[in-house]
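> Everything below, folded, please.
(one chain, ligands or ions: 1)
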Amino acid sequence: MKLLVLNGPNLNMLGIREPGIYGTESYAALEAFVRDVCAKNGVEAELYQSNHEGDLVDKIQAALGTADGIVINPAAYTHTSVAILDALKAVALPAVEVHLSDVSAREEFRHISYAGMACVKTFAGYGFDGYRLAIEYLVEHYGK
Ligand code: DQA
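Predicted coordinates for the structure are as follows:
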């Protein structure tokens, strides 16, 4: 199984940005964590982070025919981006939404998730472990 693991804006600042909310570990540590989970599950992974909405849309489109599923933390674009929602709908690959923090317990504007409307499952508030849960969910339900 091949998965695209996408991370949106400011996640490259992990470890520096609001450590009380997002923890003290870096984006490089998150990548290492995800690669380890993928290896343990026999999954081939492409990891990508961008601060730009269109780049994320391009990457989702490119997953069509090349990936079997998507793990996505759209970060702030979660709450604003109809373009990312439409891209996920367009490719119609099984997608799982991840948030490090529990967005439902934060500001009201974080309670809406456009991307989530095209996802089969959401894991929020589990830190890095949310990515493990997402990968294992896709392997269990869509693996081959
Ligand atoms: C986030 C939550 C979003 O509301 C926020 O804009 C982020 C990160 C999370 O992983 O908890 O950048 O997606």
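> mind listing the strands for the protein?
Remark: strands assigned in the chain by DSSP state E are 2-7, 44-49, 69-73, 95-99, 121-124.
> quick check: angle from the fourth one to strand 2-7?
Orientation note: strand 95-99 sits at an angle of 30 degrees relative to strand 2-7 (axes from the mean of the first three to the mean of the last three CA atoms, to 10 degrees).
> Tell me if strand 95-99 is near the ligand.
Yes: applying CB under 6 Å from any ligand atom, one finds strand 95-99 touching the ligand at residue 99. Backbone N, C-alpha and C define where each C-beta goes, glycine included.
> And that strand, what's buried?
Within strand 95-99, the residues scored as buried using 16 or more other CB atoms under 10 Å are 95-99.
> partner residues bridging residue 97?
Going by DSSP bridges, residue 97 is paired in beta bridges with residue 72, residue 122.
> pLDDT at it, what is it?
pLDDT for residue 97: 98.
> dump the residue contacts of it.
72-74, 78, 113, 115-116, 119, 121-124, 134 (CB atoms under 8 Å, 6 or more residues apart in numbering).
> And for residue 43?
For residue 43, the contact set (CB under 8 Å, 6+ apart) comprises 1-3, 37, 135, 139, 143.
> Go through these and say which is closest to residue 50.
Distances from residue 50 to the contacts of residue 43, taken as CB to CB, are shortest for residue 3 (17.0 Å).
> What is the neighbour count of the closest one?
By other CB atoms under 10 Å, 29 other residues sit near residue 3.
> ok, how many other residues are close to residue 44?
Neighbour count for residue 44, taken as other CB under 10 Å: 11.
> If I follow the layout properly, it ends up in contact with residue 38?
Yes: with contact defined as CB atoms under 8 Å, residue 44 reaches residue 38; the gap is 7.1 Å.
> Find the residues that touch each one of the two.
residue 3.
> Do you have the helices of this protein handy? List them.
Here the chain has its helices, by DSSP state H, at 19-22, 27-40, 53-62, 82-91, 129-142.
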